[in-house]
Structures are given as C-alpha cells and as structure tokens.
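Chemist: Next input, structure requested:
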Amino acid sequence: DAGADFIITQLFFKAETFLKYIKDCRKIGINVPIIPGILPIQAYQSLRHIVKLSKLEVPPEILNAIQPFKDNDEAIRKYGIDQSVEMCKTLLNAGVYGLHFYTLNREVAVKEVLKRLGLWSENVHRPLPWKQSANHTRCDEEVRPIFWRCRPNSYVYRTSEWDEFPNGRWGDSRAATFNDLKYY
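Modeler: A predicted model of the protein is given here:
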C-alpha cells in the first residue's frame with residue numbers, strides 16, 4: 001500500500017475477481033480500503049475498445065450472453081445494467097466499503113444501477129452554502145445568488161443526452177461509437 005489511503009481498482013466483470021483480489025491484498029498486508037471500479041457494459045463496440053485498451057479478458061459467459069444482440073445497443077445497455085446490479089449486490093453483501101463507477105461520460109446506466117440498488121435519491125436536500133438567517137420569517141427562504149439563476153441549464157443538464165446522438169465532425173473518429181466505415 002506504500003502510503004496510500006485507499007485503492008480504486010480497474011474495472012472487472014465478475015465480483016469473484018474483486019473479492020479474490022481483496023483476499024490476496026489482505027494476505028500480503030495491504031489493509032487500506034479497496035474500492036471496486038465498476039463499468040456497466042453499454043455497447044458492444046465500446047466494450048471491445050475498453051477490453052483492447054485495458055488488456056482485460058471478458059468472461060466467456062458474458063460474451064456468449066451478449067453475442068446474440070451485439071448490434072442492439074439498447075439490449076446491451078440493459079444487460080450491462082442488470083449484470084452491474086447483480087455484481088454490486090454481491091460486493092455490497094460481502095462487506096465492500098463502497099463502489100466507484102466509471103461512466104465514460106455516459107451516466108444514464110450508472111444512474112439506473114444506483115436506483116436499482118436503492119442508492120439514488122431524487123430528493124437530496126443540501127444545505128445552502130451560506131449561513132442560515134436567524135430571523136424566523138426567513139427560515140424557509142430559498143433565495144440564491146444571482147449566478148445560480150440558470151442552474152437547470154447547467155453543464156450536466158445540457159449534456160445529459162449527448163451520447164444518444166451520432167458523433168459530429170468534432171468527435172474522435174477512433175471512438176467506438178463511430179462504428180466501422182461499412183455503415184456509410
């Protein structure tokens with residue numbers, strides 16, 4: 001652990017892989033929290049690209065499961081969400097400290113995983129970033145500084161569906177979402 005406060009792992013496809021890694025780390029004296037890196041499978045081409053970059057092996061049962069619908073991104077995304085939920089349940093039941101999600105700027109699947117795990121709340125109430133007034137008539141006040149006026153148009157809101165559109169001329173043509181030239 002060489003002075004690290006915690007470890008976040010690379011992505012993996014089976015909970016057993018992570019649990020074995022923890023066991024091996026504990027065996028050699030690494031006792032810091034180890035947080036699993038989770039990446040829901042969202043598209044066949046992006047999975048191939050990630051596997052190529054990371055040098056990971058996809059378990060045969062996962063490849064066999066997605067092969068019949070590899071050209072259907074919606075079916076792949078649903079499979080990836082289901083698989084991630086089951087894996088996260090196994091990890092949490094095994095006493096894992098927390099979960100780290102790799103979104104790759106595609107947070108829709110991660111949001112669904114968190115909802116299914118019961119870890120997502122639409123009603124998060126955050127305290128205002130300034131001192132609350134002691135005047136009882138102002139206790140329910142929701143006045144915000146002027147620069148918060150356009151909060152619904154924030155970056156996250158504006159870009160939440162960008163991955164649903166084809167890449168434009170400014171995108172990276174090497175990205176898996178560009179597909180092969182056979183589609184042109």
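Chemist: so where is the chain shaky, pLDDT-wise?
Modeler: For the chain, applying pLDDT under 70 flags the ranges 1-2, 124-133, 137-184.
Chemist: longest single helix anywhere in it?
Modeler: helix 73-93 (DSSP state H).
Chemist: Sheet partners, orientation included, of the helix or strand just after that helix?
Modeler: Counting by DSSP states H and E, the next helix or strand C-terminal to helix 73-93 is strand 100-101. Within its sheet, strand 100-101 is paired with strand 34-38 (parallel), according to DSSP bridges.
Chemist: and the next element down the chain from the strand it pairs with?
Modeler: Assigned by DSSP H and E, the successor of strand 34-38 is helix 44-54.
Chemist: can you give me the angle that next one makes with helix 73-93?
Modeler: Interaxial angle, helix 44-54 versus helix 73-93 (axes from the mean of the first three to the mean of the last three Cα atoms, to 10 degrees): 50 degrees.
Chemist: Now helix 44-54 - C-alpha only, PDB.
Modeler: Taking Å, rounded to 0.1, in the frame of the first residue of the first chain, the C-alpha atoms of helix 44-54 are listed here in PDB:
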ATOM      1  CA  TYR A  44     -20.600  -3.900 -27.900                       C
ATOM      2  CA  GLN A  45     -18.100  -1.700 -29.700                       C
ATOM      3  CA  SER A  46     -17.100   0.300 -26.600                       C
ATOM      4  CA  LEU A  47     -16.700  -3.000 -24.700                       C
ATOM      5  CA  ARG A  48     -14.300  -4.200 -27.400                       C
ATOM      6  CA  HIS A  49     -12.400  -1.000 -27.300                       C
ATOM      7  CA  ILE A  50     -12.100  -0.900 -23.500                       C
ATOM      8  CA  VAL A  51     -11.000  -4.600 -23.400                       C
ATOM      9  CA  LYS A  52      -8.400  -3.800 -26.000                       C
ATOM     10  CA  LEU A  53      -7.100  -0.800 -24.100                       C
ATOM     11  CA  SER A  54      -7.100  -2.400 -20.600                       C
END
